[in-house]
Structure formats: structure tokens, C-alpha cells
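*Asks:* Below are the sequence and a predicted model; questions follow.
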Amino acid sequence: MDEFEGYVDRITFRNEENGYTVLYLVNPKAEDTEDEEECCVGCFSYVAEGSYLLVKGKRTIHKNYGPQLLVESYEEKQPDDTVALERYLGSGAIKGIGPALAARIVKKFGKDTLSIMEMEPERLAEIKGISQKMAVSIANQFNEKQQMRQAMIFLQDYGISMNMAVKIYRYYKEEIYEVLRKNPYRLAEDISGIGFKIADSIAQKGGFYIDSEFRIRAGVLYVLQQSGNQGHCYLPEAELIEMTAKLLGVEKELVSTALEKLVLDKEVKFDEVGEERRLYSSTLYYMEMNCAGMLLDLNLDFPVEEELLQKRIREVEKRQGFCLDDLQKKAVHQAVQNGVTIITGGPGTGKTTIINTILQVFDEDGMDVLLAAPTGRAAKRMSETTGWEAQTIHRLLELNGGVNDDDKSGMHFERNKMQPLEADVLIVDEFSMVDIYLLNALLNALVPGCRLIIVGDVNQLPSVGPGNVLRDMIQSEFCNVVRLNQIYRQEAKSQIVVNAHKINAGEAIALDNQSVDFFHLERYKIQDIINVVIQLVMKNMPSYVDASPYDIQVLAPMRKGELGVENLNKILQRFVNPQEMGKKEREFHGVLFREQDKIMQIKNDYQMKWKKVTRFGDVYEEGTGVFNGDVGIIQRIYETEEVVEVEFEEGKMVEYDFSQMDEMELAYAITIHKSQGSEYPAVVIPILGGPRMLMNRNLLYTAVTRAKKCVTLVGSKETVYQMIGNVHEQKRYSGLCQRIHDRMLEEQGEC
Ligand SMILES: Nc1ncnc2c1ncn2[C@@H]1O[C@H](COP(=O)(O)OP(=O)(O)OP(=O)(O)O)[C@@H](O)[C@H]1O
């Protein structure tokens, strides 16, 4: 058996999933320079540049890479040599210590450096340049690294990948041992990327039985939670039992018994509507119920001074240079008169015009008006079209992502029942994207007396999160709804708006390439479609709409398949952002990411910190929260610090740990679902076929309405027409409409 001891000088390859690593060890004590360095190849659980290792294995000569040591076992040692110590501390592993400071620390404490850091960290402050505060931070980081290493080794016994182990450890810290012993199913609830199946296999390794009640309860909760990810607020009982039994491979009776107990323990709530028993996670149950109540409470009547209002509208019309039609006037009137008003309409039907009118009318009356939208992009557009400041709903409600030990979700809004928004009127645009969570948060921050004006296009796809909020609210008829249908957009030859309305009405659109902004390139072979998409993104579209290939958005109906976003991204990356000398790249969850790649955040991360910096590096704004659908560019990949730096819109810089990279996807192509609420100069939509449930009118309508200047459909004409004719939608189990009705009946009863 061959051995080598030294510090990790550099890591040249690392697979974060299985720990396979190629690294170079340098022995500072080597007498001969020839023996100073060793290339080591093998599986290392947790290793960073600067670590001090003793490796054992077999020396071989690789036919391409030359001599290397195939590592069979290794142990991490405390470096006892000052050179190695200096190297370890200065490797960047501990934030705040660079090579110069490391040298000063080691010079002062010599071989005792590490024991001082562990036992008497306050002494670090004896060194010039290290404050008490910094000494504490260094000690904390050092201890955390030690504990993390131990946890990594422990987690490996459960067959957990390296990357996931880091993530799990960061979430639970020392509590991890307890979680794995008592309830490994918590991993599925708490850690994104760990599904029930992984948690289940961990549990089984830990000795949990297939039909243990504990497992079945976890399974039921998991199925409910998963259904939330698919947009449902509840599941009918029979469906929940069947899905859980199938997932767990157990009898339905067992599931039914466990479910009753969950209901008794109030972990699962139910509602009976006719014959149907609807089962909810308790969070969603109370959310729906509270939202129904709060909406009705908000919907007060306000007196209207008719003449004054007419006068104000006339003034606005004069300034705008055109008259509002009757429906538009009605919308303004309703908004003034009612606590809750919904204004819905397709593109170009005058929604923005009404918002502007309402704004001016209320402003003249000296009222405080706030504007908001569900996404950053939508809020930005709202600011541009109204000239008033609009914010994301999260920002308006002062999302606080700070985590404390009791609240691991980390998400709470500073604006809530205790500290509501101080406004007379709140106008929210793009409301079709609001899910039940956001509605609940929003209503919690409003007090009756504040008017809520909801603007949106009910024909867009529903929110990604659970609920069918806008549709349910409209269907319940609890408030006034103005449906705009007259298209006002003037651009003479523009077919985007005209076609969007035709699609929505189920009418065939002309695919004859006679317009200047709506094209169909008929292709039937997958490779031909891909070639055309590349050509459009790289060449035709950028010059046609005066944008860069990064701004041309490919929108695909699906993720999987040759025309799915995963494959298209792989291909488009090669063209839009090819490999280049000096451009760092690294693989995460099977996807190659490269500096300058266009990426998208794929889940709401309320704790992620961002900052805006001047070009001199000074931070001038900071905040938390990166949201599902946010698009950015990878600026740098830092191998040593294991960090990927991304710049999002408006210069928000965010650092992702390598373990957080599963929150990110390439975004040259994105699914149509993810494109909701965004607009792009040009969109390219490959369409060849797909499941009927998915390929419907709604999806095509949403895709087409994302384009500002140009839409190009590439693929089969028949599929386009089939989509226009297909009104099948995936069912969403949402009870908001019913709850509003129940509440209205209760109130009538009380009267
Ligand atoms: N009553 C009207 N008479 C004449 N022009 C109008 C009228 N209402 C709106 N417009 C004009 O029609 C165009 C589209 O209106 P607006 O931008 O308000 O629609 P929108 O529904 O907000 O569209 P989108 O959702 O696509 O942004 C604007 O140029 C607007 O000035």
C-alpha cells in the first residue's frame, strides 16, 4: 500500500454527487522536490483546498494523465507543520482569512494555531487586523467545518450524495443525528431535492418497516404536499388514499386508518362538499378559509360623488387624448365604489389605461395608492406603463427572509395583521399568477377600508403555486368583475394581439406569414425544428427586433424530450455561450453551467441574500429573496469558495453555494408555465406534439402573449390548430370559490 501526506493544493475535478475527485497533494516536509506533489484520484467525502490529508492506495500510471495514486482510504489530519497550516488557513476555506493573514496567525501561534482556534479563539484578536468580532466569526466557521466533516461521514452511511449531505447538514446542523434516528421522513418535507423516495430509503436503512404507521402517515402528508406542488389545495379522499397506497406499496385500508388518525391529530383537515370529502394539509385549509373571510370583510361599499367622479374622468380623458368606453368607465366607477374590484381582459384591452385613470382619480382625492405585481418583471413593467412606483408583492409586504432556529421556513412578512399596509388603495396587476399563499399574505396586510383593485387576464395559465385564485374569485361572484373585451391596441399590422384574442376565442389563426410580427415556420422533423430555432435565436431574431440572442426567449411546452427545455438548453448553450478559454464551467445535477450562462431560479428562496454593488465594489443596497422565474447571468464560478455568483435583473448580485445549485436551471429555453408574467422582445415556440392535457388553448395563448415584438411558431400547423381547439385543462382542486359561497351564506344567515 502506498501512502502520501500533504495539503490539498488544488482540486481539478470533483463530482459532487458521488465524491469522485482528482486532487493534488503537496507535502511541505518533502526533502526532494520530485516527491513534493502527488496526483490523487478517488472518492473523498468532504474535501476542500487547503485540507491536510493522509491518503493510502496504489500508485499507477494512467495512459493519458501519467502517475497517480488511486486512493483507497484517507484520513484528514490536523496539519502539524507551519507551512501546511498556513496553506490550510489561507486557502479561502475560512471567509475573512487570506494568505497574508494566515501567515500572520501561524507566525504568532505556530503549531498551536489550530488548538488555539478551537479552544481559545478570542486570542486570535491578539493579531493585528483581527477584531474580537472577526475572531468569533473565524472560530465559528472553523468549528462548523469540523462538525460538518463528521456529519458528512455519518450521512455517507445512509448512501446520501455529497452535495445533498452538505445541504442536509446546513439545514439541520447538529440536529441531523436526531432527525435521522427519529423521523427521517422530515428530510422530504424540509429539504428540496429530497423526495419521499429518498427519505424512505434512508428510513428503511435505519430500520423503519414498510407498513409502519409512521411511514404511512409520512406518505399521506407527502402526497398532499406533492399535490400542492401541482397546484392543488386539497385532494378528494379516494384519490389521496389511492395515490398514497400506490406510492407506499401498502393496502388502502392501512392508509385509510392512518388518515383518520392524522385527521384526529389535526395534521390533516377535511371539508365535506356534497358527497365529496376533501382533504387538506392544515396550512392550506386555514389559508382558504381565512382568505374567503378576509375578502368578504374587505369588500365594503364606498360612497361615490358621481359628479365629481365624472369630472375627474373627463380630466383624465383630456390629458390622455381619448375617451374611455362605457366598460372602462364602469371599471373606474366600480373601483371607486367597492372594496374589491376585479378587472380582467386580454392584451390591449385597456387594463393599463384603466389603472392609470384610477391612479389619477384617487391621487386627485389625496389618497395613498400602492401598486404591486407578483413578479419583479411584472412590477417593473407596471412602473414603466404607469410612471408610478410598483413593487413586487413580496417587497410590498416586506418579506423578511431571516432565519431563526424556531422558524426554519424563514419566510415571514413584516406587513401583516399586526402591522398592516398604510394605504387607501392597492392595485395589483398580473393577478393570475397569485397563488393561495400570496393571496393570504396580501389580505393579511390589508385592513377593511383599503380598496383592493385586482387586474389580470383570467385566460392566462393559473399560478404555479396552489390554488386557482383569480378564477375562483371571479366564479364566486362575491365582488364586481369587469370583463374587458374591446381590443384597442393600434399597431396596424400587428398580429400578436389579434391572434392572441383569436386563440382565446377558439378561432383559427392565419399561419401564412403575411404579418410582420407573427410567423409560422412549418417543419415536421425534430432536427429541422431544432436547426430553425438555433438560426432564429442566433441570427434572424436579434437583428429583427434589435436585441441580443440572450433576449430571444425560446418557450417550450415541455421539459423532457428532444424539444423539451432540458435538451434545447444543452444545444442553445453551445451556440449562445460556447466554451472558451478562461470561462469556468462546472457540472451540477447533471447539467453543465458556464460563466456567462443565462439561468433561471426555479423555486422561491426567501432566505437567499442579494446585494447591489457599485462598480467600485461598494454595496449600496441589500435584501433577501430570489424567486421562482427570476432570470440572471452567471458572472463567476469560484472553485475554492464553492460559490457561483449570479447577476439578476437590476444588478442584484447573488452568491449560490454549490449545494444550492439545484435551485437553478439554464434559461435559454424555458417552459411556457415558467414564462408567465414575463415579456420578451421575441419568442420562439417549438411545437410538434405532446400530451393532450398539456397542449391546450391556454398554453398557446400564454406563450403568444409573452412576446412584445415578434412571435415565431416552429413546427406542425396541425398541433397549433389542435391546441386552439383544445380546452381541456388539468383539473385543479381548489376550494376557495366554495368557501367564499359558504361564508356569504353564513353572513346572510347572520343578517
Ligand atoms: N378607450 C380607448 N380609446 C382609444 N384608445 C384606447 C382606449 N383604451 C385604451 N386605448 C389604447 O389602447 C392601447 C392598449 O391599451 P392598454 O395598454 O391600456 O391595454 P392593456 O390591456 O394594458 O394591454 P397589455 O395587457 O397588453 O399591456 C394603448 O395604446 C391605449 O392608449
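*Replies:* In hand now; what should we look at? Keep in mind it's a predicted model, so treat the numbers as computed, not measured.

*Asks:* Give me the below-cutoff pLDDT ranges for the chain.
*Replies:* Scanning the chain for pLDDT under 70 picks out the ranges 17, 401-411, 490-493, 750-751.

*Asks:* in it, which residue is closest to the centre?
*Replies:* The chain has Lys603 as the residue nearest its centroid, 1.8 Å off, counting by C-alpha atoms, centre = their mean.

*Asks:* Looks like that residue contacts Ser192 (just checking).
*Replies:* Yes - if you go by C-beta atoms under 8 Å, Lys603 and Ser192 touch, sitting 6.2 Å apart. To be clear about C-beta, it is placed using only N, CA and C from the backbone, and glycine gets the same treatment.

*Asks:* what residues do those two have in common as contacts?
*Replies:* Glu663 (C-beta atoms under 8 Å, 6 or more residues apart in numbering).

*Asks:* Get me the contact residues on this protein for the ligand.
*Replies:* 322, 324-325, 328, 345, 347-353, 488-489 (C-beta under 6 Å from any ligand atom).

*Asks:* What separation do you get for Tyr285 and the ligand?
*Replies:* 34 Å (C-beta to the nearest ligand atom, to the nearest Å).

*Asks:* again with Arg615
*Replies:* Shown here: Arg615 relative to the ligand, a distance of 34 Å by C-beta to the nearest ligand atom.

*Asks:* That residue should be in a helix, yeah?
*Replies:* No - under the criterion used here (DSSP: H, G, I helix; E, B strand; the rest coil), Arg615 is coil, not part of a helix.

*Asks:* Which strands border the longest strand along the chain, and is each parallel or antiparallel?
*Replies:* Of all segments of type strand in the chain, defined using DSSP state E, the longest is strand 2-14. Looking at strand 2-14 with DSSP bridges, its partner strands are strand 20-26 (antiparallel), strand 52-62 (antiparallel).

*Asks:* Name the residues that touch the shortest one?
*Replies:* The contact list for strand 20-26, computed with C-beta under 8 Å, 6+ apart, reads 4-15, 36-44, 47, 53, 55, 68, 87.

*Asks:* In this structure Asp200 contacts Arg215, no?
*Replies:* Yes - contact status for Asp200 versus Arg215: in contact at 7.1 Å, counting by C-beta under 8 Å.

*Asks:* Need the residues touching each of those two.
*Replies:* By C-beta under 8 Å, 6+ apart, the residues touching both Asp200 and Arg215 are Tyr185.

*Asks:* Need the three-state assignment for whatever residue of the stretch 151-300 of the chain ends up closest to the ligand.
*Replies:* Taking C-beta to the nearest ligand atom, the ligand has its nearest neighbour within the stretch 151-300 of the chain at Gly231, 23.4 Å off. In three-state terms, and counting by three-state DSSP, Gly231 is coil.

*Asks:* Not counting sequence-adjacent ones, nearest residue to it?
*Replies:* Once flanking residues are discounted, Gly231 sits nearest to Arg732: 4.9 Å by C-beta to C-beta, 6 or more residues apart in numbering.

*Asks:* Give me the distance between that neighbour and Ile436.
*Replies:* From Arg732 across to Ile436, the span is 11 Å (C-beta to C-beta, to the nearest Å).

*Asks:* Excluding residues flanking it in the chain, which one is nearest the residue of the stretch 451-600 of the chain at minimum distance from the ligand?
*Replies:* Here the residue of the stretch 451-600 of the chain nearest the ligand is Tyr488; by C-beta to the nearest ligand atom that distance is 3.1 Å. Nearest residue to Tyr488 in three dimensions, chain neighbours excluded: Gly350, at 5.3 Å (C-beta to C-beta, 6+ apart).

*Asks:* Pull the contacting residues for the one you found.
*Replies:* By C-beta under 8 Å, 6+ apart, the contact set of Gly350 is 324-325, 328, 484, 486, 488.

*Asks:* And those, which of them are buried?
*Replies:* Buried members of these, counted by 16 or more other C-beta atoms under 10 Å: 324, 328, 484.

*Asks:* which ones among these are found in helices?
*Replies:* By the criterion of DSSP state H, membership of those in helices covers Gln328.

*Asks:* Kindly tell me how buried whichever residue of the stretch 601-750 of the chain sits closest to the ligand is, as a neighbour count.
*Replies:* Nearest to the ligand in the stretch 601-750 of the chain, going by C-beta to the nearest ligand atom, is Thr705, at a distance of 7.4 Å. Counted with other C-beta atoms under 10 Å, residues neighbouring Thr705 total 26.

*Asks:* Done for today, thanks.
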